[in-house]
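A.B. asks: Generate coordinates for the sequence data below:
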Amino acid sequence: MRRLTGSIVLVLVSAAVARCSTPAPHTPSVSSLALLQAIADSGKDLPRPRMPAGADTNSASTYYKFGTRIAVEADTAEMALYWAAKLDPSWAEPLYARFFNALDALRHDVNLTYMQTRSSRAAGNVTLTPRQIRVVDSLQEIAWQRNPFLFSKLEFRGLAPGRVGEPVHDGWLAFASSRFAAAESLFGVELRKHPEAVAIRIYRARALFYLGRYDGAVTELAAARDTVRRSTEARLSPMLPSIEMFDFAIGIARVFERALTQNLAFYWAHTRLAGSALALHDTATALAELDMAIQLEGRDPVLRLYHAVILQNAGRLTEAELDLRMAIELDPYYAAPYYFLAVNSQTGGDTSSAIVRFRQYLARAARDDAYRAYAVRALMALGAVRDSS
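C.D. replies: Numbers count the residues shown, from 1 in each chain. Below is the predicted model of the structure:
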């Protein structure tokens, strides 16, 4: 998904036409994110931020809460959210939060530059680097793939669009406070005046989805998709979802049936279809869809884990082990693959390997992880007397 707020778009556009004679911009937040991105691009993990005493540093939610505090520094937030995503790569929220962190950093530096230079052109020169724009675009797209109907309070920390009393303004405030019935009604009023407003249609679709009015959500998403399809400018815009992303969201609302109509190489759609098949106890179809997804994108540790668990449940332990080992190689901080690899070894009668893997899992799992108690009991049953809790 590719979507930037209106104020940020204006900043990016104005930066392109700003003259070199303006005062130098002040970009401490954006520059600090660029330094961290350089570390990530080199293949290294970001440093872990200094956490409060007693914090569970194996917990993705702990890092997420730490990184999304009000007025947290941009680099601290980025490091915390990076580790939240590393510890639980299946979770969309940290990815979404990193997207907003980058935009907050940009907004901070725009305001700082203006305050220090009193120059609108200098403020207009402040922008994300091309690399940062690609990164935030990717984060938004991956978050959409994980959950196209994600709701995050981070989205509403800025000022509401429009003016008090205008449908778009009041609808935005209603949506932000989870008053979805009021929000979708107000967005409907706005859309009667501005039917080509794709972003408002997306908000209305989300509100309808949260209300359980799935047909209405599909109608709005389809209208937004068709608007993008008709407009060459919108279709090429980096600020709007692609056609296949719209179809993916429509597919979620329609039991996933239309997720693949535009792009057969959209691997997360195959994963969702596999989940649908599995819910219907169709293991063969689930495995076929996941096989296709892995052929398209084999470097997603979550995808590898899903595939392995289905293979494991089907009794195909050797194949499951290969996927679990690959998941660990792709993200060695992700605890869940170690747990299922231990179960795989235990089921296959390899006690020594099971003990090692359960201990590796416990070393990485959050204190409140759902599998922790079972892993401790399993170690006791396997004769591992050391307290691993």
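A.B. asks: can you tell me the helix or strand for Val126?
C.D. replies: Using DSSP states H and E, Val126 sits in no helix or strand.
A.B. asks: From Ser90, how far off is it?
C.D. replies: 35 Å (CB to CB, to the nearest Å). (Glycine included, C-beta is placed from N, CA and C.)
A.B. asks: out of these two, which sits in the busier spot?
C.D. replies: Between Val126 and Ser90, Val126 has the larger neighbour count (other CB atoms under 10 Å), namely 26 against 16.
A.B. asks: end to end, how far does stretch 67-77 reach?
C.D. replies: Start-to-end span of stretch 67-77 (CA to CA, to the nearest Å) is 4 Å.
A.B. asks: Give the buried residues for it.
C.D. replies: Buried positions in stretch 67-77, judged by neighbour count with 16 or more other CB atoms under 10 Å: Gly67, Thr68, Val72, Glu73, Ala74, Asp75, Thr76, Ala77.
A.B. asks: State the distance from the last one to Ile250.
C.D. replies: Between Ala77 and Ile250 the computed distance is 33 Å (CB to CB).
A.B. asks: Ok, the fifth one next?
C.D. replies: Ala74 sits 35 Å away from Ile250 when distances are taken as CB to CB.
A.B. asks: hang on, the earlier thing: what two of the buried residues of stretch 67-77 are the furthest from one another?
C.D. replies: Thr68 and Asp75 (14.3 Å; CB to CB).
A.B. asks: circling back: now, which of the buried residues of stretch 67-77 sits nearest Gln346?
C.D. replies: Gly67 (35.7 Å).
A.B. asks: Now Ser119: closest residue in space that isn't a chain neighbour?
C.D. replies: In this structure, Ser119 finds its nearest non-sequential neighbour in Pro23, 5.1 Å apart by CB to CB, 6 or more residues apart in numbering.
A.B. asks: Tell me the pLDDT of that neighbour.
C.D. replies: According to the prediction, Pro23 has pLDDT 82.
A.B. asks: Next, count neighbours for it.
C.D. replies: 14.
A.B. asks: wait, what's in contact with it?
C.D. replies: By CB atoms under 8 Å, 6 or more residues apart in numbering, Pro23 lies in contact with Thr113, Thr117, Ser119, Ala122.
A.B. asks: For Ala105, give its distance to Gln37.
C.D. replies: Plainly put, Ala105 is 11 Å away from Gln37 if you go by CB to CB.
A.B. asks: These two - which one has more neighbours?
C.D. replies: For the pair Ala105 and Gln37, the greater number of neighbours falls to Ala105 (26 against 18), based on other CB under 10 Å.
A.B. asks: so what's the more buried one up against?
C.D. replies: Ala105 touches Ser29, Val30, Ser32, Leu33, Ala74, counting by CB under 8 Å, 6+ apart.
A.B. asks: List the ones among the residues you listed that fall in strands.
C.D. replies: Judged by DSSP state E, the contacts of Ala105 include no members of strands.
A.B. asks: Present those as CSV; the columns should include pLDDT and distance to Arg304.
C.D. replies: Shown next, in CSV, are the contacts of Ala105 (pLDDT from 0 to 100; distance: CB to CB, whole Å):
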residue, pLDDT, distance to Arg304
Ser29, 96, 35
Val30, 96, 34
Ser32, 97, 33
Leu33, 96, 29
Ala74, 97, 32
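A.B. asks: so, if you compare the residues you listed, which one comes nearest to Tyr306?
C.D. replies: Leu33 (31.4 Å).
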